[in-house]
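[1] Test case, fold it:
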Amino acid sequence: MRRLLLVLATAFLGLTLLAQEPEIKSFSLNVSDLEAKLNSVRDLNDEACALIRVHIASKDVAFDGNIIGDPIWNDGEWLVFMPASAPFLTIKPKGYAAHTYRFQENPLQSYCTYEMDVVLPPIERVRSLVMPSFSISTTSHPSYGLMVGFVKKFGGYIRAKSDFRFDLKTVGICNEQGVMDGQQAWLTGNAKSNRWAITAGGLARVLSPLYVYAGVGYGQRTLAWENSAGEYYKVSSSSFSGVETELGVVFRFGAFAVSAGMQNNSFKFWEANLGVGVMF
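    Residues are numbered from 1 along each chain as shown. The predicted structure follows:
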């Protein structure tokens, strides 16, 4: 179970850290631009460099690769000098994931100037979801939980739920006819149950107000009947522990959100999940 929860937490954090990449719209040789020849820069082997004019709408950009000297910001573009043998150029504007452009198909040439057009897609706002939830099972047993998530286009969430009945202690197992250890027990008609689950998974925006989520986790549901001695026996056919799976949707209305979905344990115990919370 610890390994499963660790995997779920790692996947959740990974999804929330997804970032958009800049898009390379074009890369081409500009034969009429003589800047690389008139103001040539030499590499460590005293060979003339190529010049790449990186057109990008940001002054806050980090570059990586076999770059000679510091890139120069010049009125809407970066001037980046690289040896003809340079295999790639990595561009990382602030707030975006790094994008690496490789030159294998069009190797650089000394004294030549190249034009690279880079488009920065609008940065999607990271939204936080905090949603108390209510669950009702096929046996009308309620439980309560909290769903917390983060999402741009894609993201993740984690949910914990319980019925907060932690005092249930059983001394044995019976079947649905009340047979315990081969003998019919005298039952009082009193019953207790216990329910808890932890799930985590992905959260994705389908339309502007509509999100879908899907997750897995681990949980337990126990139903117990009381005998004439005041002892409780677990009902084997109605008690489950194991893998939880769930699927649902979230609708956002401004800063408020509602959710609806289904969850099950071992595909035997089913619940409907309903939630009302905030997404900001």
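[2] In terms of pLDDT, where does Tyr106 sit?
    You called it Tyr, but residue 106 is Asn. Note on Asn106: pLDDT of 72.
[3] same check, this time on Lys152
    Per the predicted model, pLDDT is 88 at Lys152.
[4] Count the residues that sit near Lys161.
    24 (other C-beta atoms under 10 Å). Yep, even glycine has a C-beta here, placed from its N, CA and C like the rest.
[5] Kindly apply the preceding question to Arg102 instead.
    12.
[6] Could I get the contacting residues of it?
    For Arg102, the residues meeting the contact criterion (C-beta atoms under 8 Å, 6 or more residues apart in numbering) are 87-88.
[7] give me that answer again for 10 Å
    65, 86-90 (C-beta atoms under 10 Å, 6 or more residues apart in numbering).
[8] Return the set of residues that bridge with it.
    Bridge pairing for Arg102 (DSSP bridges) gives the partners Phe88.
[9] Can you classify Val118 by secondary structure?
    strand (DSSP: H, G, I helix; E, B strand; the rest coil).
[10] show me what contacts it?
    Applying C-beta under 10 Å, 6+ apart, the residues near Val118 are 22-27, 54-58, 61, 77-78, 91, 93, 99, 101.
[11] Can you tell me the closest non-neighbouring residue to it?
    Ile56 (4.1 Å; C-beta to C-beta, 6 or more residues apart in numbering).
[12] Check Lys92 too.
    Ala98 (4.0 Å).
[13] Would you confirm that that neighbour contacts Phe88?
    No: contact criterion C-beta atoms under 10 Å: Ala98 and Phe88 do not qualify, at 11.1 Å.
[14] Now do the shared contacts for those two.
    Asp64.
[15] Tell me the bridge partners for Arg252.
    Here Arg252, judged by DSSP bridges, has bridge partners Ala257.
[16] which residues touch it?
    Here Arg252 is in contact with 127, 129, 151, 205, 207-211, 258-259, 278-280 (criterion: C-beta under 10 Å, 6+ apart).
[17] Lowest-confidence entry in those?
    Out of the contacts of Arg252, that is Ser208, at 83.
[18] where does that residue land in three-state SS?
    coil.
[19] that older thread, filter the contacts of Val118 to the buried ones?
    22, 24, 27, 54, 56, 58, 61, 77-78, 91, 93, 99, 101 (16 or more other C-beta atoms under 10 Å).
[20] Next, give me the two most distant ones among those.
    Phe27 and Ser58 (17.8 Å; C-beta to C-beta).
[21] mind checking pLDDT for Val179?
    Reported pLDDT for Val179: 86.
[22] Pull up the per-residue confidence for the nearest residue to Val206 once chain neighbours are set aside.
    Leaving out its chain neighbours, the residue that sits closest to Val206 by C-beta to C-beta, 6+ apart is Val212, at 5.7 Å. On pLDDT, Val212 comes in at 98.
[23] same check, this time on Arg3
    56.
[24] what's the answer for the one 3 residues further on, then?
    Looking at Leu6, its pLDDT reads 51.
[25] Same question for Gly202.
    At Gly202, pLDDT is 97.
[26] Point out where the stretch 101-250 of the chain drops to low pLDDT.
    105 (pLDDT under 70).
[27] Can you show me the strands along it?
    Per DSSP state E, counting those that start in this stretch, the stretch 101-250 of the chain carries strands over the ranges 113-119, 127-137, 142-151, 154-162, 172-174, 179-180, 183-184, 187-205, 210-227, 232-235, 240-253.
[28] is it possible to export those to CSV including distance to Leu38?
    Output for the strands of the stretch 101-250 of the chain, formatted as CSV (distance: least, C-beta to C-beta, whole Å):
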stretch, distance to Leu38
strand 113-119, 10
strand 127-137, 50
strand 142-151, 50
strand 154-162, 47
strand 172-174, 88
strand 179-180, 95
strand 183-184, 101
strand 187-205, 50
strand 210-227, 54
strand 232-235, 86
strand 240-253, 56
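[29] List just the one of those strands that sits closest to Val41.
    strand 113-119 (11.8 Å).
[30] Return the set of buried residues in the closest one.
    Buried, per 16+ other C-beta under 10 Å, within strand 113-119: 113-116, 118.
[31] Perfect, I'm done here.
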